[in-house]
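Participant: kindly return the folded structure for what I paste below:
(one chain, ligands or ions: 1)
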Amino acid sequence: MDEKKVELLKDGKRISGRAFDELREVKIKLGVLDEADGSSYIEWGNNKVIVGVYGPKEVIPRHMENPSKAILKCNYSMVTFCSKEEHGKMGPNRRSVELSKVIREALEGIVETNLFPRTQIEIYMVVLEADAGTRIASFLGAVAALLDAGIPIKDIAVGIAAGKVGGKVVVDLDKDEDNFGEADFPVALTRTGDILLLQMDGKLTKEEVEEALGLIFEKSEVLLSKLREAVEEKYSKEVVKELKFSNKIIK
Ligand code: CDP
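Facilitator: Down below sits the predicted model:
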């Protein structure tokens, strides 16, 4: 057990200089892969993630077909050089299998799979650089790439984490805060406030969970704006209108 004590707050600010409710900078770009049906590149603080969406297409192997809907195949992976930590060999591991699963389950809550029976939609998320929060950055990148692919979704959704560092509830933990803080609480939610993913590492009281969720809802609007800007940049204001793209989270 690592007993190392790290001061995560100084003069009422986080060591990065961010306020408790301040997100790291987020940039989203659509259409970064020529061969994919939809793609995105996302920088979120020091995280860098690229996402490719392929399909709807024939299901392989055939026996996995679902006669009433498309199946989603999600693959989250990290490149071996994405952080200073040792990653060993490339290829799936316990964590990447878990993250692929929770992201798939979250996306199943929004993709209109019923429109594409007997097909599969593949979503590959590759973390090029990691600095905590890669599952939510990958989820956000996946939503962006699905929009780019023109795959209908029931509601726009974003991923965002809150947590606790130095006794304070804060939004969007970076690596030091994730390593030495008291709790990390990643969530994915739709614009209408449905929770698609919710995990917690560490401990929060009931009041802290409520405070964290409050921050998550409030700051999700920043991410919705970033998504809208990315769609507007590649397509047009009309497409944004068609997608009923509002920044307001409806609770
Ligand atoms: O990335 P996320 O916060 O969603 O997941 P995590 O399992 O809580 O990992 C936190 C961070 O630890 C990652 O974002 C990476 O910066 C780092 N990490 C890593 O570099 N290599 C791993 N095999 C696992 C985690």
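Participant: any chance you could map the helices in the stretch 1-150 of the chain?
Facilitator: Under the criterion DSSP state H, counting those that start in this stretch, helices of the stretch 1-150 of the chain are mapped to 94-108, 134-149.
Participant: nearest to the ligand, of these?
Facilitator: helix 134-149 (3.3 Å; CB to the nearest ligand atom). Placement of C-beta: from N, CA and C, glycine included.
Participant: do that closest one and the ligand meet?
Facilitator: Yes - Helix 134-149 reaches the ligand (CB under 6 Å from any ligand atom) through T134, R135.
Participant: and that helix with helix 94-108, angle?
Facilitator: Relative orientation of helix 134-149 and helix 94-108, computed by axes from the mean of the first three to the mean of the last three CA atoms, to 10 degrees: 40 degrees.
Participant: so for helix 134-149, what's the average pLDDT?
Facilitator: For helix 134-149, mean pLDDT rounds to 98.
Participant: skip ahead from the strand or helix carrying N179 and say which helix or strand is next.
Facilitator: According to DSSP states H and E, N179 maps onto helix 175-180. Heading C-terminal from helix 175-180, the first helix or strand you meet, by DSSP H and E, is strand 183-190.
Participant: show me which positions of the longest helix anywhere in the chain end up buried.
Facilitator: Ranked by residue count and defined by DSSP state H, the top helix of the chain is helix 206-234. Within helix 206-234, the residues scored as buried using 16 or more other CB atoms under 10 Å are 208-209, 211-213, 215-216, 219-220, 222-224, 226-228, 230-231.
Participant: likewise stretch 181-199?
Facilitator: Quick answer for stretch 181-199 (16+ other CB under 10 Å): 181-191, 196-197.
Participant: could I get those as a markdown table with pLDDT?
Facilitator: Converted to a markdown table, those look like this (pLDDT from 0 to 100):
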| residue | pLDDT |
| --- | --- |
| G181 | 95 |
| E182 | 96 |
| A183 | 98 |
| D184 | 98 |
| F185 | 98 |
| P186 | 98 |
| V187 | 98 |
| A188 | 98 |
| L189 | 97 |
| T190 | 96 |
| R191 | 93 |
| L196 | 98 |
| L197 | 98 |
